[in-house]
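Participant: please work out how this folds:
(2 chains)
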Protein chains: 2
Amino acid sequence: MTKQECVNQLLANRSETPLSTVKSFAPANIALCKYWGKRDTELNLPVTSSLSMALGTLGSHCNLSFCEDHDQVILNEAPLPSDSPFVTRLSDYLDLFRKQPDQYYRVETINTIPTAAGFASSASGFASIALALNTLHGWDLSDRECSILARLGSGSACRSLWQGFVEWHVGHQDDGLDSFAEPIPTPWTDLQIGLLVLEAGKKPISSRDAMLRTVKTSQLYKAWPQKVDTDIQTLRTAIGKHDFDQLGATAESNALTMHATMMGAWPPVVYWLPETVVAMHKVWQCRREGLSVYLTMDAGPNVKLLFQSQDEAQLLAEFPNLLIAR
Amino acid sequence: MTKQECVNQLLANRSETPLSTVKSFAPANIALCKYWGKRDTELNLPVTSSLSMALGTLGSHCNLSFCEDHDQVILNEAPLPSDSPFVTRLSDYLDLFRKQPDQYYRVETINTIPTAAGFASSASGFASIALALNTLHGWDLSDRECSILARLGSGSACRSLWQGFVEWHVGHQDDGLDSFAEPIPTPWTDLQIGLLVLEAGKKPISSRDAMLRTVKTSQLYKAWPQKVDTDIQTLRTAIGKHDFDQLGATAESNALTMHATMMGAWPPVVYWLPETVVAMHKVWQCRREGLSVYLTMDAGPNVKLLFQSQDEAQLLAEFPNLLIAR
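Facilitator: Residues are numbered from 1 along each chain as shown, chains lettered A, B, ... in the order given. Alright, predicted model coming up:
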């Protein structure tokens, strides 16, 4: 099934009551149990479920309106050239929603997460655009349906529609209409996440390509779905009990296992830089000294820290450039 | 079955024609397909077969004789205190072979491999002692039987009895008498291996403990035996054809996959240091620039390079502190 067929199915019998301009916000999210591997690359359908927490005010603001002649994309107040890879990708996505071929969009995005420092903004970016499209066109879609629309832009975007914990259900249908995220209604205000800004450079391989290569060539990937089954259940339990050590250990193990599956790929995928390894060993040293802190990492060299509010001052003393999500 | 029972079985009906002092040498070896995981910790029986290449003159020289009162161990010309962990381990091993409880040994070992730089010497060390014990006692054991004796001292020691390529057959018997190494009679003089001396410090966890923890806690370990099956077959083919890229790629992937299984353990085992990651990325950069070089690593932070004689000068220009095995 194509993205267009999926969108047509979702928007069938929806009336349009378009507005002229709308605003939206979507938080970035960090997976505690990672999305790693697609069973359908066209529809961004995953091999497994995944579970994330949102980053509060760190995310993407979107102003969306219709415009003429061609799509206009303004990122962090700078208009992007229409032949830039991001505009091409975004216009391909917007193609799915135009009522007429000459209906164009003006997309103004402000990322409050430091994208230049290598933190993924595509999840919050596409989530904010999906939310804005729904309001702009007046489709009146449910959150679940918006989650599916966001997923068609970028897989993990389907988890960026809510604050707090979110689970993306793997789904089983070919059309992906049962593969959407929903919030886990358990608040946990003492749980903190902080970003260590290590590297602003371009990644040697995109996470999309790393994922494809791992699924195709890494013999370790065979063990991944079972690892996720275990971890996601443990995370649900830890969230229910507010058991920080259980949550932290599971998230750390899950992230390292994801990176491990990449190292088993050919050619090997190693996002780690010297600074990554320094940060990892420092986290473990802190833990040996009694500080309750765990790490997670996405498909890149940066390290994220999980900790509790009570330890914030100590964490900042150890990691002065920690950017804490609020 | 205990080690002693296994030794008794091997030495049954062997006459003793002891000498007063003997010398032996065993080369160190680097596995191209790693030994990772024991099915029997008492007898050092492995979960899978493994395949190594020897390091020429880098290894262990042993002078062995009988002595009185207590075992004497002299390592690199320095007598070791009788309560040092190495002497304890060695005396436990020698206990297996004493004809009377008051028969003691004087073991003088010279390692030509830089042990202080974190390169494993236990394989060549125990292999040289097993060979020397056979000659000293005049048992007249076969190489295969000596390989089994060496294995009882340290698993990978069973591969250190020969130069060139060696395969350790996994075996299936409980007594381990079918788990021994033998040489692969295919010379390959152009194939070179070099050691990058990165770190002289003590490892945070012994390879023995890392192996146990990985087998016990890493869900990725489930995929390891199948990885070995694939790799060992590919290596045999590559050796037969003298296909360097096939051999190098397989060895590199095997080593990274072994490290990957450790990262999936809990607590995670990450031997990599910043210098390790620098060396790895440098190897990959060299390869992208057309230099045919591959890496392998054992359970530690050091990196070993596989290359061909024709590229030696270029390799030394890129890695000036490369210690090439001759």
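Participant: quick one: stretch A:175-188 to chain centroid distance?
Facilitator: Chain-centre distance of stretch A:175-188: 13 Å, with C-alpha atoms, centre = their mean, to the nearest Å.
Participant: what does it contact?
Facilitator: With C-beta atoms under 8 Å, 6 or more residues apart in numbering or on different chains as the test, stretch A:175-188 has contacts from A:1, A:5-6, A:9-10, A:40, A:43-46, A:51, A:143-145, A:147-148, A:151, A:158-159, A:161-173, A:236, A:239-240, A:242. Quick note: C-beta positions are derived from backbone N, CA and C, even for glycine.
Participant: let me know the average pLDDT across it.
Facilitator: Averaging pLDDT along stretch A:175-188 yields 97.
Participant: distance between the ends of that stretch?
Facilitator: Using C-alpha to C-alpha, to the nearest Å, the end-to-end distance of stretch A:175-188 comes to 34 Å.
Participant: please apply the same query to stretch A:287-298.
Facilitator: Stretch A:287-298 end-to-end distance (C-alpha to C-alpha) = 21 Å.
Participant: which of the residues in that stretch are buried?
Facilitator: Neighbour-count burial for stretch A:287-298, counted by 16 or more other C-beta atoms under 10 Å in any protein chain shown, picks out A:287, A:292, A:293, A:294, A:295, A:296, A:297, A:298.
Participant: do the same with stretch A:309-324
Facilitator: For stretch A:309-324, the buried set under the neighbour-count rule, 16+ other C-beta under 10 Å, comprises A:311, A:315, A:318, A:319, A:322, A:323, A:324.
Participant: narrow the residues you listed to those in strands?
Facilitator: A:322, A:323, A:324 (DSSP state E).
Participant: show me what contacts the second one?
Facilitator: Applying C-beta under 8 Å, 6+ apart, we find residue A:323 in contact with A:58, A:114, A:194, A:195, A:196, A:197.
Participant: same check, this time on the last one
Facilitator: By C-beta under 8 Å, 6+ apart, the residues touching residue A:324 are A:192, A:193, A:194, A:312, A:316.
Participant: the same query, at a cut-off of 6 Å, please.
Facilitator: residue A:194 (C-beta atoms under 6 Å, 6 or more residues apart in numbering or on different chains).
Participant: still on that earlier bit, among the buried residues of stretch A:287-298, which one sits closest to residue B:247?
Facilitator: Among these, residue A:297 lies closest to residue B:247 (C-beta to C-beta), at 31.8 Å.
Participant: was I right about that closest one contacting residue A:253?
Facilitator: No: contact criterion C-beta atoms under 6 Å: residue A:297 and residue A:253 do not qualify, at 11.7 Å.
Participant: list the helices and strands the longest strand anywhere in chain A packs on?
Facilitator: Criterion DSSP E: the longest strand present in chain A is strand A:50-67. On a contact count with 3 or more C-beta pairs under 6 Å, 6 or more residues apart in numbering or on different chains; DSSP states H and E, strand A:50-67 meets strand A:21-33, strand A:104-111, helix A:122-137, strand A:165-168.
Participant: any chance of these in CSV, with mean pLDDT too?
Facilitator: Below are the helices and strands packed on strand A:50-67 laid out as CSV (pLDDT from 0 to 100):
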stretch, mean pLDDT
strand A:21-33, 97
strand A:104-111, 97
helix A:122-137, 97
strand A:165-168, 98
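Participant: of all these, which one is nearest residue A:264?
Facilitator: Of all these, strand A:21-33 sits nearest to residue A:264, with 19.3 Å by C-beta to C-beta.
Participant: hmm, that closest one touching chain B?
Facilitator: No: against chain B, strand A:21-33 shows no contacts by C-beta under 6 Å from any C-beta of the partner chain, the least distance being 12.9 Å.
Participant: picking that back up, may I see the buried residues of stretch A:309-324 organised as CSV, with pLDDT added?
Facilitator: Converted to CSV, the buried residues of stretch A:309-324 look like this (pLDDT from 0 to 100):
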residue, pLDDT
A:311, 98
A:315, 97
A:318, 97
A:319, 97
A:322, 95
A:323, 93
A:324, 95
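Participant: of all pairs in those, which one is the farthest apart?
Facilitator: Comparing all pairs in the buried residues of stretch A:309-324 by C-beta to C-beta, the longest separation belongs to A:311 and A:323, at 16.1 Å.
Participant: what's the span of stretch A:41-61, first residue to last?
Facilitator: Terminal residues of stretch A:41-61 are spaced 27 Å apart (C-alpha to C-alpha).
Participant: and that stretch, how far from the chain's centre?
Facilitator: Relative to its parent chain, stretch A:41-61 has a centroid offset of 4 Å by C-alpha atoms, centre = their mean.
Participant: what's in contact with it?
Facilitator: For stretch A:41-61, using C-beta under 6 Å, 6+ apart, the contacting residues are A:25-29, A:31-35, A:37, A:39, A:109-113, A:124-125, A:128, A:151, A:155, A:159, A:163-170, A:176, A:179, A:225, A:228, A:232, A:235, A:325-326.
Participant: and the residues you listed, which are buried?
Facilitator: When these are checked for burial by 16+ other C-beta under 10 Å, the buried set is A:25-29, A:31-35, A:37, A:39, A:109, A:111-113, A:124-125, A:128, A:151, A:155, A:159, A:163-170, A:176, A:179, A:228, A:232, A:235, A:325.
Participant: re earlier: which among the contacts of residue A:323 gets closest to chain B?
Facilitator: Nearest to chain B among these: residue A:196, at 14.9 Å, using C-beta to the nearest C-beta.
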